[in-house]
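**Q** Everything below, folded, please.
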Amino acid sequence: ILTFITLGFYYPWAKVSILKYLYGETEFQNHNFVFHGTGKEVFKGFIKAILIFGALYAFLLFCVFSHKPGLTAIGLLVFYLGIFLLIPVAIHGSYRYRLSRTSWRGIHFGYRGNLKEFAKLYFKNGLLTLITFGIYSSWMEVAVKSYVRKNIRFGNIEFKFTGDGMELFLIKLKGFFLMIFTLGIYSFW
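**A** Numbers count the residues shown, from 1 in each chain. Next up is the predicted model:
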């Protein structure tokens, strides 16, 4: 209700409250996880995202209302390219923030990924996904998850992800055909 009344500006505090509750109710070996983030910290990132998205959208509207087809095309290109460039930044930043604010038994998690390295991986796989009309998306998903997981730390413990793109692709392919055959009912599985 507060998020609605404040036109979305309360969202960061609501999100932090939910995270604190969910982490506090999640336990491992009789100890609960703790989320140490604050609404103010999330609000700063929220405002940055709104300003960047707003600037991209304002440029798009300027181009569209110019009634010049060439400028409209440039506006669309800049808007979608800007969004595409921001996705890896958002993923990287959210992992850095959330994991740095998470602990279990007083031991903090961390994310040690490199933005430049992650962006290169994301764009390469994104381009391959685009060129293959989405078929490569399973391999991209596995590559992104693998990179992120191998850069998560818990104290001195490192994580890893051992998924396989082909295996995920076959699961998705099976699901696609079963959804068609069952008129969408299989989507729950």
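**Q** name the element residue 23 belongs to?
**A** helix 11-24 (DSSP states H and E).
**Q** If you count neighbours, what's buried in that helix?
**A** Neighbour counts over helix 11-24 (16 or more other C-beta atoms under 10 Å) mark 11, 12, 13, 14, 15, 16, 19, 20, 23 as buried. Backbone N, C-alpha and C define where each C-beta goes, glycine included.
**Q** Helices along this protein, start to end?
**A** Here the chain has its helices, by DSSP state H, at 2-5, 11-24, 39-65, 69-100, 115-131, 137-150, 165-181.
**Q** Next, the contact list for residue 154, please.
**A** 104, 107, 109, 110 (C-beta atoms under 8 Å, 6 or more residues apart in numbering).
**Q** Format these as CSV; extra columns: distance to residue 134 and pLDDT.
**A** Shown next, in CSV, are the contacts of residue 154 (distance: C-beta to C-beta, whole Å; pLDDT from 0 to 100):
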residue, distance to residue 134, pLDDT
104, 37, 96
107, 40, 94
109, 32, 95
110, 33, 95
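**Q** Name only those of those that count as buried.
**A** By 16+ other C-beta under 10 Å, these give 104, 109 as buried.
**Q** tell me how far the ends of stretch 57-72 are from each other?
**A** Stretch 57-72 has an end-to-end distance of 12 Å (criterion: C-alpha to C-alpha, to the nearest Å).
**Q** tell me which residues in it are buried?
**A** Of the residues in stretch 57-72, 60, 63, 72 count as buried by neighbour count, 16+ other C-beta under 10 Å.
**Q** Among these, which one sits closest to residue 38?
**A** Taking C-beta to C-beta as the measure, residue 38 lies nearest residue 60 of the buried residues of stretch 57-72, at 33.1 Å.
**Q** Could I get the pLDDT score of that closest one?
**A** Listed pLDDT for residue 60 reads 95.
**Q** again, but for residue 143
**A** For residue 143, the predicted pLDDT is 97.
**Q** and what of residue 171?
**A** The model's pLDDT for residue 171 equals 95.
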